[in-house]
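In: predicted model and sequence below, questions to follow.
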Amino acid sequence: MMLNCDLGESFGAWHMPVDEQIMVHIDMANIACGFHAGDPLVMQRALHLAKQHQVSVGAHPSYPDLQGFGRRSLAMSAEELIACLHYQIAAISGMAAVQGIEIEYVKPHGALYNDMMRDPQIRDTVMKAVSTCSVPGIPLMLQAHPQHQAISQQASQHNVVLLFEAFADRRYTAEGFLTSRRLHGAVLTEQEAFEQAVRIMDKGEIVAEDNSILSMPVDTLCVHGDSPGAVAMAEALRVELTKRKLTHVRPGTND
């Protein structure tokens, strides 16, 4: 099982300070592509840090919503959304190539991620975009979900390899989706997040907000870089993963 984090989310005068501190603890860095956060210099620095620490790099594209940090849904046609994703993936892939590294997966951000999980048509569009982007055969990271078999079948129609992730620091609905950030308690406390992550490691289970048990396969755990105590949480989870000998497998190898 791998540990991933959304990074490269500074832009202009807005600075998110955790990139360098957290990079030493994670396996995968989901780097913003400029549409919800990130700018060319921030992207360049995040890629350099990932290379320095031998961390896999993923494109982290979003709706074009810089003012809303990509957390607002936008009504886009399939054609618009595919072009939007191709643009962002190509940008981060090109910048990575300058440093001699490759983008190894795609993880949508924010509202696009949530919309993709709840709407099969949007998910189909995202899968089509990933399957036809500038990086052939690149895997798509999306949320581990009780309906994972149906989602995998949909991905197979596009020849897209999936990486299923669970969130250490987010509460889940009984249906297996993330509780809206607008609701109290949607982001777990540090202790709650640690306990949830350990249960995922040991049992592949999550306790939903109604106390029901969700069971699903998980390839990678996410810690949000903007969550309180993100660095300490990543460090603690690295210790737990190492203790269980849950080692890093490169994206898309299906091991």
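Out: Looks like it came in fine.

In: going forward, measure contacts between C-alpha atoms and count neighbours the same way
Out: OK.

In: against residue 129, how distant is the nearest residue to residue 12 once chain neighbours are set aside?
Out: Distances taken as CA to CA, 6 or more residues apart in numbering put residue 39 closest to residue 12, at 7.1 Å, once the chain neighbours are dropped. Distance, residue 39 to residue 129, using CA to CA, to the nearest Å: 22 Å.

In: what ranges do the strands span in the protein?
Out: Applying DSSP state E to the chain gives strands spanning 2-7, 28-32, 56-60, 103-106, 140-143, 162-167, 205-207, 213-215, 220-224.

In: and the contacts of the last one?
Out: The reference is to strand 220-224. Contacts to strand 220-224, defined as CA atoms under 8 Å, 6 or more residues apart in numbering, come from residues 1-6, 163-169, 197, 230, 233-234.

In: contact partners for the residue nearest the centre of the chain?
Out: Closest to where the C-alpha atoms of the chain average out (CA atoms, centre = their mean) is residue 107, at 4.6 Å. Contact partners of residue 107, counting by CA under 8 Å, 6+ apart, are 30, 58, 59, 60, 61, 113, 140, 141, 142.

In: one step back: okay if I get the strands of the chain as CSV plus mean neighbour count, distance to residue 84 and mean pLDDT?
Out: Below are the strands of the chain laid out as CSV (neighbours: other CA atoms under 10 Å; distance: least, CA to CA, whole Å; pLDDT from 0 to 100):
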stretch, mean neighbour count, distance to residue 84, mean pLDDT
strand 2-7, 24, 19, 93
strand 28-32, 28, 13, 96
strand 56-60, 28, 12, 97
strand 103-106, 24, 13, 98
strand 140-143, 24, 16, 97
strand 162-167, 24, 21, 96
strand 205-207, 21, 33, 95
strand 213-215, 16, 33, 95
strand 220-224, 24, 23, 89
